[in-house]
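Trainee: Give me a model of this one.
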Amino acid sequence: MSPSQDTIQRAREFGNPVIRGNRATFIWEGKTAPHLISDLHGWEANPKTLKRLGSTLTPASSKSIWSVSLTLPRDAYLEYAFYDPVSQQRFPDPLNRKSGNNGIGSRNNFFYMPETMPSPFSMRRADVPNGALSSHRVDTWMLQDYGERDVWLYKPPIKEAVPLLVVYDGYDYLHRGRLVTVVDNLIADKRIRPIAMALLQNGKSRRGVEYACSDATLAWLDHEILPLARKQLHLLDVKEQPGAYGVLGASFGGLMSMYTGLRMPEVFGKVLSQSGVFELEGRDFAAVDLIRHSHARQLDIWMDAGKLEWLLEDNRRIHALLQEKGYNAAYREFTGGHCYTAWRDDVWRGLEALFPAED
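Mentor: Residues are numbered from 1 along each chain as shown. Below you'll find the model as predicted:
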């Protein structure tokens, strides 16, 4: 069904997409039209073509109006871009001013459907005490030769000893995931117990090697990160409280979080995996084999995944395997794709489950 003149006019006045019920309609003006790509259809793997209409936004214009509509749940968050199949380049939607860094060198446009909104925990509040964030340069040791890397340490606004949360892809969780703000608000609202954090920079081009179930990364944690955190932060002693620390990551970081808990359960007894990658080209990663052998069943695990992303079925599979093997594993599906905004809006639930406020 073609968009009405009213839909075209609304796009002109208020921007893309025009949302009615569960349909989001995108309008484009030009002699030709790009494709629409998003998490919903695997980005460039399955672009949506726009249909040419007879109307124009500008009287006497030689340009045509094109459109495409998506049917979405009313609580969905979606990121998208336009894509030129000739140049194979992405570019932003000129009728949508809302955009964010997509982490791969460009920006995505985004929108929320009517029955959802950004997490209120991601908004900085004037009445909330802020934890202290410090930046450190750490030797990469086994990860690369003669290198250093950024690590950020977060200290909550209390004096008592607290558990530590290690965060893979820490730069992205810090800036795109607003994790410090989320944790500040959760602590202030007594939704979680106070925690400290070590947010780790990834190896950029070496990220896949470091996060694909890497024992070198675990050795780096043991040799560099944990000693630094113990020196700079007032932490619980895991010798007295085994498994008191947690580990968080998304995508390959979610896989590495699961592997970290499975290999170091005496330290990291709480695992938060967001949209984890558990197999590649039909072959499971080592973390899945450890689960099959019921290794470290004392872990507390929280998994979430987006209903609009390609990793949904794999995360369902791993959660079912965890249940079959007797793990304490909670699982949630949010109506979004594979992106930091969706993880940011949902991460509070996992933190609340794994670090509940003390009575």
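Trainee: In the protein, where is pLDDT below threshold?
Mentor: Scanning the chain for pLDDT under 70 picks out 1-3, 55-61.
Trainee: what ranges do the helices span in it?
Mentor: 5-14, 170-175, 179-188, 207-211, 215-220, 226-232, 252-263, 286-292, 312-324, 340-354 (DSSP state H).
Trainee: Now mean neighbour count and distance to Ala305 too, for these, in JSON lines please.
Mentor: (C-beta placed from N, C-alpha, C; glycine too.) What follows is the helices of the chain, written out as JSON lines (neighbours: other C-beta atoms under 10 Å; distance: least, C-beta to C-beta, whole Å):
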{"stretch": "helix 5-14", "mean neighbour count": "15", "distance to Ala305": "32"}
{"stretch": "helix 170-175", "mean neighbour count": "21", "distance to Ala305": "17"}
{"stretch": "helix 179-188", "mean neighbour count": "22", "distance to Ala305": "19"}
{"stretch": "helix 207-211", "mean neighbour count": "18", "distance to Ala305": "17"}
{"stretch": "helix 215-220", "mean neighbour count": "17", "distance to Ala305": "23"}
{"stretch": "helix 226-232", "mean neighbour count": "15", "distance to Ala305": "29"}
{"stretch": "helix 252-263", "mean neighbour count": "27", "distance to Ala305": "9"}
{"stretch": "helix 286-292", "mean neighbour count": "18", "distance to Ala305": "15"}
{"stretch": "helix 312-324", "mean neighbour count": "17", "distance to Ala305": "4"}
{"stretch": "helix 340-354", "mean neighbour count": "23", "distance to Ala305": "10"}
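Trainee: So Ile8 is in contact with Trp66, correct?
Mentor: No. Counting by C-beta atoms under 8 Å, Ile8 stays clear of Trp66, with 10.6 Å between them.
Trainee: Overlap in contacts, those two.
Mentor: With contacts taken as C-beta atoms under 8 Å, 6 or more residues apart in numbering, Ile8 and Trp66 have Ile27, Leu53 as neighbours in common.
Trainee: Contact partners for Ala287?
Mentor: By C-beta under 8 Å, 6+ apart, the residues touching Ala287 are Cys213, Leu255, Met258, Tyr259, Leu262, Phe278.
Trainee: Among those residues, which pair sits farthest apart?
Mentor: Using C-beta to C-beta, the two most remote members of those are Leu262 and Phe278, lying 12.0 Å apart.
Trainee: so Cys213 sits right up against Ser257, yeah?
Mentor: No. With contact defined as C-beta under 8 Å, Cys213 does not reach Ser257; the gap is 10.9 Å.
Trainee: I'd like the contacts of Ala287 as a markdown table, with distance to Ala81 appended.
Mentor: A markdown table is the format used below for the contacts of Ala287 (distance: C-beta to C-beta, whole Å):
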| residue | distance to Ala81 |
| --- | --- |
| Cys213 | 32 |
| Leu255 | 26 |
| Met258 | 30 |
| Tyr259 | 32 |
| Leu262 | 36 |
| Phe278 | 27 |
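Trainee: Closest one to Lys325 out of these, please.
Mentor: Out of the contacts of Ala287, the member with the shortest distance to Lys325 (by C-beta to C-beta) is Leu262, at 11.4 Å.
Trainee: Spatially nearest residue to the closest one (excluding sequence neighbours)?
Mentor: What sits nearest to Leu262 in space, not counting adjacent residues and going by C-beta to C-beta, 6 or more residues apart in numbering, is Leu290, at 4.4 Å.
Trainee: Distance of that neighbour relative to Arg263?
Mentor: Leu290 sits 8 Å away from Arg263, going by C-beta to C-beta, to the nearest Å.
Trainee: Overlap of the contact sets of these two?
Mentor: Counting by C-beta under 8 Å, 6+ apart, the contacts common to Leu290 and Arg263 are Ala296.
Trainee: For the residue lying closest to Lys159 once chain neighbours are set aside, list the residues it contacts.
Mentor: Among residues not flanking Lys159 along the chain, His234 sits closest, at 7.1 Å (C-beta to C-beta, 6+ apart). Contact partners of His234, counting by C-beta under 8 Å, 6+ apart, are Lys155, Lys159, Glu160, Ala161, Val162, Ala196.
Trainee: Recalculate using a threshold of 10 Å.
Mentor: By C-beta atoms under 10 Å, 6 or more residues apart in numbering, His234 lies in contact with Lys155, Pro156, Ile158, Lys159, Glu160, Ala161, Val162, Ala196.
Trainee: and these, which are buried?
Mentor: Buried members of those, scored by 16 or more other C-beta atoms under 10 Å, are Lys155, Pro156, Val162, Ala196.
Trainee: mind checking how far the first one is from Ala229?
Mentor: It refers to Lys155. 10 Å.
Trainee: joint contacts of the two?
Mentor: Residues touching both Lys155 and Ala229 (C-beta under 10 Å, 6+ apart): Ala196, Met197, Leu235.
Trainee: Without its sequence neighbours, what residue ends up closest to the last one?
Mentor: It refers to Leu235. Closest residue to Leu235 apart from its sequence neighbours, by C-beta to C-beta, 6+ apart: Leu164 at 5.3 Å.
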